[in-house]
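**Q** got a predicted model here, sequence first, then my questions.
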2 protein chains.
Amino acid sequence: MKKLTMKEIAKLANVSQSTVSRVINGKEGVNEKLAKRVFDVINEVGFVPNKAAQTLKQNQSYIIGVCVTETYNPYFVELIDTLESVARNYGYNILLHNSKRNPILEWESMENFISRQVDGIIFVPTSDYNFEKISKLPIPVVSVTQTHEEFHSVGLDHYKAGQLAAKKFIYTNHKTFGMVGNIPDDKFFGFRDTLAENGFTFQMKNYITIKETSSNSYLIRQDIEDYLDRVTNLEFTSVFTTNDLMAVEFVKAVEDRGIKVPEDISVIGFDDTILSKMMGISSIHQPIEEMVKTTMKLLLDRIEKKVSSKKVQIKLEPTLIERKSSRLK
Amino acid sequence: MKKLTMKEIAKLANVSQSTVSRVINGKEGVNEKLAKRVFDVINEVGFVPNKAAQTLKQNQSYIIGVCVTETYNPYFVELIDTLESVARNYGYNILLHNSKRNPILEWESMENFISRQVDGIIFVPTSDYNFEKISKLPIPVVSVTQTHEEFHSVGLDHYKAGQLAAKKFIYTNHKTFGMVGNIPDDKFFGFRDTLAENGFTFQMKNYITIKETSSNSYLIRQDIEDYLDRVTNLEFTSVFTTNDLMAVEFVKAVEDRGIKVPEDISVIGFDDTILSKMMGISSIHQPIEEMVKTTMKLLLDRIEKKVSSKKVQIKLEPTLIERKSSRLK
DNA sequence: CTGTTAGCGCTTTCAG
DNA sequence: CTGAAAGCGCTAACAG
């Protein structure tokens, strides 16, 4: 295969370059014979049009910039995978970046997206550090996984997820509660508020803090071990973790210390990834496919300017998948 | 931020467009004062050059096409992640595709890469189905993870990996051996040959076949369960699996049937991913970073035409990471 | 229905 | 040292 241009195809098929363009783009009003001649040449030599030129000319790249914060968590991998296939169905490619929760890298990614002429951006924010700059970008942006007023956004209702976990623990007669997570977030607030509504108080000393920088199993495990070493005795019989990695490491850590799951402590994870499936850990399920389809629709509608630019937030419903890490009554 | 062009920057800075171009590309011989004026304007308005135009003009996109076969296996995720960051250090972006082990999708990806003007391609082949067409592509191609004579390639020595597993089992006094994998490959040959060299014969009835289409834990588990149901009794005390997903599912399946790992059976997985780390399964380690750096170097050298085009194959050394799924003597 | 032509934003020669 | 101008491959308006 050689790199060819429409000009050369035109010469081979003995037509003008614009006719080649018309045929390739399926414009009607081309003589069937000519069209066939062009197609034959194209198939024979394996021609594909230069998308850089199309992008330049049409001011549209059919690329969507996607920026996630990590790939260590299989949840994001599934998200990316689904984004890619949904985008492909719409004729779009994905330009993928990983900000690694670093706002500097996040902004670099945004600049790269603009430079590469992406038609729109889907991203998982690192923080609110770049919110203002990102919201001023000259192309449509949708944030995903959590909702933010500053952007069009599609996300799970994390507050409700916290409620779900708390309710489950309350209904199964737990009286003491713990959490594992980074800084307290909506999941925490939902969890805490629901406990409060039912007459319980969440004790902050039962919050196991995982450092923001603890981005792999090993580091998460360290943070948990540090906590366990410090408290000597676990003062709760139920724990909600803000992702499955944390749930897995928590279960392994306590089991190593002779604490039984779920007999001594019930665990509910978050994301319902392969990890919780593999380890039999109960987890809050995220409807990834629905989330991605909604996100893509929202974005493509803005790209095609079919809708007003008023910011919309879409919250999706969490569900709890029960496995053997949480007791049944 | 508005989308601007060099022309507009030029007007704002009161210079010609070519001067803007020179400044941005760091060409020397531009008056410092002018350069500063241009930089000031650029920083003020947040201008980034249009890469589609650069690509068109320079016939170089600074994009590398990457096509993997799956992302379900965390090994590939780590591979992609590493590829992305190494590429970024060289000033390249990654255009990622997932062939899902489907040769049709694989070829579509290649066409898309050409169309998007990528400067080179790194891929994990689905099969030899597209080998001829791919080797005729007008840009440098490197295959990764396994070596193939048809391409520049960088991969682990899978034959040696099989040897390693076999030797370990022999040294720890196993007399009977099993494998879990798709169709027999180099890993199998290395495993089988090493057994033979030591007076053992690999029994094909001890080969648990995982269907090519069994691309997730659940399906892999099904294939293993089918085998276990069929044989009633496991006729081996050691088993080598061709990836960690299979190792994990095998361990869970036999443990559910009351068979103890490693007391009753030793298990060695492959890839040394988060999965084997999490589950404490011994596994053949792949030096991903070394593999990626070598691959990228090989590819960039061809892109920059600094070297002859003779196909090179680079085989990397496997190592065995021992955990608690294989007995020590 | 088909060909000619302008121009997308940039880099790079060529003149000055 | 700086500006003017050509041209990368394509699409689309226009002419015929």
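**A** Yes, it's here.

**Q** DNA strand D contacts on the stretch 51-200 of chain A?
**A** Neighbours of DNA strand D within the stretch 51-200 of chain A, by CB under 7 Å from any atom of the strand: A:53-54, A:56-58. Any C-beta I mention is one placed from the backbone N, CA and C, and that applies to glycine too.

**Q** can you list the residues of the stretch 1-150 of chain A near chain B?
**A** Those residues of the stretch 1-150 of chain A that sit near chain B, judged by CB under 8 Å from any CB of the partner chain, are A:1-3, A:48-53, A:55-56, A:61, A:71-72, A:74, A:77, A:80-81, A:84, A:93-98, A:111-112, A:114-117, A:133, A:136-138.

**Q** switch to 7 Å and redo it
**A** By the rule CB under 7 Å from any CB of the partner chain, the part of the stretch 1-150 of chain A lying against chain B is A:1-3, A:48-53, A:55-56, A:61, A:71, A:74, A:77, A:81, A:84, A:93-96, A:98, A:111-112, A:114-117, A:136-138.

**Q** which strand or helix spans A:Glu289?
**A** A:Glu289 belongs to helix A:288-303 when assigned by DSSP states H and E.

**Q** just A:Met179 next, same as before
**A** Here A:Met179 sits within strand A:178-181, counting by DSSP H and E.

**Q** ok so, going back, what is the distance between the very next helix or strand once past the helix holding A:Glu289 and the centre of its chain?
**A** Next along the chain after helix A:288-303, taking DSSP H and E as the criterion, comes strand A:313-316. How far strand A:313-316 lies from its chain's middle: 14 Å, per CA atoms, centre = their mean, to the nearest Å.

**Q** quick one: residues in contact with strand A:313-316.
**A** Residues from elsewhere that reach strand A:313-316, judged by CB atoms under 7 Å, 6 or more residues apart in numbering or on different chains: A:147, A:149, A:153-157, A:287, A:290-291, A:294.

**Q** so which of those residues is the closest to A:Ile210?
**A** Set against A:Ile210, the nearest of these by CB to CB is A:Leu156 (19.4 Å).

**Q** next, count neighbours for the nearest residue to A:Glu263 once chain neighbours are set aside.
**A** Nearest residue to A:Glu263, sequence neighbours excluded (CB to CB, 6 or more residues apart in numbering or on different chains): A:Arg327, at 7.5 Å. A:Arg327: 20 surrounding residues under other CB atoms under 10 Å in any protein chain shown.

**Q** thought A:Arg327 was touching A:Val261?
**A** No: using CB atoms under 7 Å, A:Arg327 is not in contact with A:Val261; the gap is 9.3 Å.

**Q** which single residue of the stretch 101-250 of chain A ends up nearest DNA strand C?
**A** A:Ser115 (8.3 Å; CB to the nearest atom of the strand).

**Q** my bad, chain A
**A** Counting by CB to the nearest atom of the strand, chain A gets nearest DNA strand C through A:Asn31, at 2.8 Å.

**Q** can you pull out the strands in chain A?
**A** Remark: strands assigned in chain A by DSSP state E are A:63-68, A:93-98, A:120-123, A:141-145, A:152-156, A:178-181, A:207-209, A:238-241, A:266-271, A:282-285, A:313-316, A:319-321.

**Q** in a markdown table, list those along with mean pLDDT, distance to B:Leu234 and mean neighbour count.
**A** Output for these, formatted as a markdown table (pLDDT from 0 to 100; distance: least, CB to CB, whole Å; neighbours: other CB atoms under 10 Å in any protein chain shown):
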| stretch | mean pLDDT | distance to B:Leu234 | mean neighbour count |
| --- | --- | --- | --- |
| strand A:63-68 | 98 | 42 | 25 |
| strand A:93-98 | 97 | 42 | 22 |
| strand A:120-123 | 98 | 48 | 25 |
| strand A:141-145 | 97 | 43 | 24 |
| strand A:152-156 | 97 | 43 | 25 |
| strand A:178-181 | 98 | 38 | 24 |
| strand A:207-209 | 97 | 40 | 19 |
| strand A:238-241 | 98 | 36 | 29 |
| strand A:266-271 | 98 | 32 | 28 |
| strand A:282-285 | 98 | 31 | 24 |
| strand A:313-316 | 96 | 44 | 16 |
| strand A:319-321 | 97 | 31 | 15 |
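
**Q** tell me which of those strands sits nearest to A:Glu44.
**A** That would be strand A:93-98 among the strands of chain A, by CB to CB, at 26.2 Å.

**Q** which strands or helices does the closest one pack on?
**A** strand A:63-68, helix A:74-89, helix A:103-115, strand B:93-98 (3 or more CB pairs under 7 Å, 6 or more residues apart in numbering or on different chains; DSSP states H and E).
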